[in-house]
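**Student:** below are the sequence and a predicted model; questions follow.
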Amino acid sequence: MEALILTIIATSIPLLLAAIGELIAEKSGILNLGVEGMMLSGAVGALGAVLWLENPYYGIIAGALSGVLMASIFSAFTINFMTNQVATGLGLTIFATGLTGLAGAPLVGKTIPSLPKIEIFLLSDIPLFGNILFKQDFVAYLSIAIIIFTSLFLKYSKSGIILRAVGDDHQSAHSVGYPVKKIRWYATCFGGMCAGIGGAYIPLVLTPHWSEGMTAGRGWIALALVVFASWIPWRIIVGALIFGGITIAQLVGQARGWAIPSQLLSMMPYIATIIALTMISGRLSKNNSVVPSSLGKPFFGSQ
Amino acid sequence: MIKFSMRIFSLIAISISVLFFGISSAFAENPTKVGFVYLTTPGDHGWTYAHELGKKMVEKRFGKDVKVSVVENVPEGPDATRVIRELAKQGNEIIFTTSFGYMEPTLKVAKEFPNVKFEHITGYKRSKNVATGNIRFYEGRYIQGVVAGLMTKTNKIGYIGAYPIAEVIMGINAFAQGLKSVNKDASISVIWANTWYDPVKEADAAKVHIAEGADVLAQHTDSPAMLQIAEKNGAMGFGQSTDMSAFAPKAQLFASINNWGPYYIKKIEELRNGKWNTGDSPNHWPGNVWGGIKSDMLVISKFQNMPANVAQKAQEALDGIKTGKINIFAGPLIDNTGKEIIPAGKALDDGALWGMNYYLQGVNGKVPG
């Protein structure tokens, strides 16, 4: 059982990181559909760095930087040149798929050391959940820290409130004097950083090799998770664990020969997202503060 | 005046050189144009990589006599039709489409270009100018079963399948036959990944198998992820399509390697000699070329990470298949519900293998769908 729970957590972490990053970007009004592409560049960047510097921790940094680089390209286009966000995001993913394939070609067939587990003194000896909660790798702890940080940041910090204001009504935020473009740049790059680390987690922990397109659609699930969490950070943890849990549950079900068709279980995470979406739109009539109102809209005002 | 004549001169010189170039290229030996359509890129280090090695053998064998064009990352479906049509338009004389899902697109384009020859890999439908080619992957899986049966301590084998199609099911059943021949107590659990290629999902499936007690893993998906998980967790496994020992030096027992080169070369040679044909086996069968260990289309890598007596048993199985002494699907065959498939003294023919929708004894559960 413990091994299964650890597997669920490991599977959830890339989703969780990519989703929390996208959440911040969306809160600032930027819809970046390039999450999958940013994850891929994070993965290839991390693997390259570890092969070069032979230390898995550099992989985290390289993954973050690769993600930020991709996010900067996206920001330059959508924020400065005011291109359509949906088209640019899709373009970014397609571009990154090709670019990482090219950059990753020399890495094919090589394998790297995994990120080590860090035991937290004494706590990891607690029976039952000690191993699960306090014997994880650095990125697992980091992702929880990021969730707590963004949660507090959005709710209590002045910068967080400004960020939300920009996402909700960029014209008003602009007229009160907030630098809308700058804030969106930061938010998008934060999203890129998180997606990059999320992507880096795949070669650093899950499958220590590079193969093209190895994120296999997890960026898209992360996008769905943001909606599922209705833009509330802590719900991303719940959502990611549900996604991870159902993914693993359907594998276990098959191994044990449960009578439920595996295809049905594979559908479950997506059904959950559709239900969440329906519930959100149902609530919208009463309270339309859930979705950032300026989400996806280009901002034309000068800085 | 001098300037003017210089200009005239250079103009004439250019025209002559262009003309000459045109003539020279028209008289040059016409290379056979060969097209390949890949599902992913050679970077998958599995299925497509094996095709890439085959393509390289073609280039080495024919040198300047062939001109090879490759299109990578072609999704199965309408995109494939477009790509295959484009390759035919560009004058390729023979086009290899290297994934099962290209079957209908290949047939569709073949109708539009009756003079172009098509070779569809792993399909079962043919037409006047569409032939099919495949490897008897299941032969390698029988040997995997033998090794797994001797290596397992928990008597639980974890198997990761891509999709529940005949191709994969016959592999599982061949594995079960090998397993049964050495170990009657061991059984196989199957997890369907519902994808050919998703390293994270394949890794998850491997972790689940190990958490459920399996200590030998086998896969019919494309990435080395399963072996890496086995390596990390002290389990064993088999390489898929290519030698994957670089990913799992301690965990890979051996790999079944797909060797497409000889088949490609044979078909291109036939085309060049005007002898290309689509064979004469019945239509639902996997085609005129279905080679295995004997014809060198399936190569078994070095037996490693196993005691000498196990390696010897594996070698015996390998030799048995090569000489035809072992018939993997010889009766009596009983499925895992107890139903007799074929009595003693008889054996399943190739057509029956492609109709497999049941598990043999030794496999848990039932085929989905």
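**Tutor:** Thanks, I have the structure now.

**Student:** going forward, measure contacts between C-alpha atoms and count neighbours the same way
**Tutor:** Noted.

**Student:** which stretches in the chain count as strands?
**Tutor:** Because you didn't say which chain, this covers chain A. Ranges of strands in chain A, per DSSP state E, are A:117-119, A:135-137.

**Student:** actually, chain B is the one I wanted.
**Tutor:** Counting by DSSP E, the strands of chain B are B:32-37, B:66-71, B:94-97, B:117-121, B:130-135, B:156-161, B:187-192, B:216-220, B:236-241, B:252-258, B:289-291, B:298-300, B:333-334, B:340-342.

**Student:** now the weakest link among those strands, please, by mean pLDDT.
**Tutor:** Here the strands of chain B differ in mean pLDDT, and the lowest is strand B:289-291 at a mean of 83.

**Student:** now that one, how far from the centre of its chain.
**Tutor:** Remark: strand B:289-291 is offset 11 Å from the chain centroid, using Cα atoms, centre = their mean, to the nearest Å.

**Student:** do the same with stretch A:124-133
**Tutor:** For stretch A:124-133, the distance to the chain centre is 26 Å (Cα atoms, centre = their mean).

**Student:** mind listing what's buried in it?
**Tutor:** By neighbour count on 16 or more other Cα atoms under 10 Å in any protein chain shown, the buried set for stretch A:124-133 is A:S124, A:G130, A:N131, A:I132, A:L133.

**Student:** repeat that for stretch B:300-311.
**Tutor:** Applying 16+ other Cα under 10 Å to stretch B:300-311 flags B:I300, B:S301, B:F303, B:Q304, B:N305, B:M306, B:V310, B:A311 as buried.

**Student:** got JSON lines for the strands of chain B, with distance to chain A too?
**Tutor:** Formatted as JSON lines, the strands of chain B follow (distance: least, Cα to the nearest Cα, whole Å):
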{"stretch": "strand B:32-37", "distance to chain A": "17"}
{"stretch": "strand B:66-71", "distance to chain A": "13"}
{"stretch": "strand B:94-97", "distance to chain A": "20"}
{"stretch": "strand B:117-121", "distance to chain A": "22"}
{"stretch": "strand B:130-135", "distance to chain A": "24"}
{"stretch": "strand B:156-161", "distance to chain A": "8"}
{"stretch": "strand B:187-192", "distance to chain A": "5"}
{"stretch": "strand B:216-220", "distance to chain A": "12"}
{"stretch": "strand B:236-241", "distance to chain A": "13"}
{"stretch": "strand B:252-258", "distance to chain A": "15"}
{"stretch": "strand B:289-291", "distance to chain A": "27"}
{"stretch": "strand B:298-300", "distance to chain A": "19"}
{"stretch": "strand B:333-334", "distance to chain A": "20"}
{"stretch": "strand B:340-342", "distance to chain A": "22"}
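
**Student:** tell me where the chain has helices.
**Tutor:** With no chain named, the answer covers chain A. In chain A, the helices defined using DSSP state H lie at A:2-27, A:35-53, A:56-75, A:85-104, A:130-134, A:138-156, A:158-168, A:170-175, A:180-201, A:218-228, A:233-256, A:262-284.

**Student:** hm, I was asking about chain B
**Tutor:** Counting by DSSP H, the helices of chain B are B:2-27, B:47-62, B:78-89, B:103-112, B:137-151, B:166-182, B:199-211, B:225-233, B:261-272, B:308-323, B:350-353.

**Student:** buried residues, the last one. List them.
**Tutor:** What it means is helix B:350-353. Neighbour-count burial for helix B:350-353 [16+ other Cα under 10 Å]: B:L353.

**Student:** for the closest residue to chain A within the stretch 1-150 of chain B, what are its contacts?
**Tutor:** Across the stretch 1-150 of chain B, no residue is closer to chain A than B:D44, which sits at 5.3 Å (Cα to the nearest Cα). Going by Cα atoms under 8 Å, 6 or more residues apart in numbering or on different chains, B:D44 touches A:V108, A:S211, A:E212, B:D222, B:S223.

**Student:** thought B:K156 was touching B:K184?
**Tutor:** No - contact criterion Cα atoms under 8 Å: B:K156 and B:K184 do not qualify, at 11.6 Å.

**Student:** and the two? Which one has more around it.
**Tutor:** Of the pair B:K156 and B:K184, B:K156 is the one with more neighbours under other Cα atoms under 10 Å in any protein chain shown, namely 22 against 13.

**Student:** beta partners for that one?
**Tutor:** With DSSP bridges applied, B:K156 shows beta-bridge pairing to B:S187.

**Student:** for it, give me its contacts.
**Tutor:** B:A186, B:S187, B:I188, B:S189, B:G213, B:A214, B:D215, B:V216.

**Student:** among those, who's most crowded?
**Tutor:** B:V216 (32 neighbours).

**Student:** distance of A:P14 relative to B:Q361?
**Tutor:** From A:P14 over to B:Q361 the distance is 40 Å, taken as Cα to Cα, to the nearest Å.
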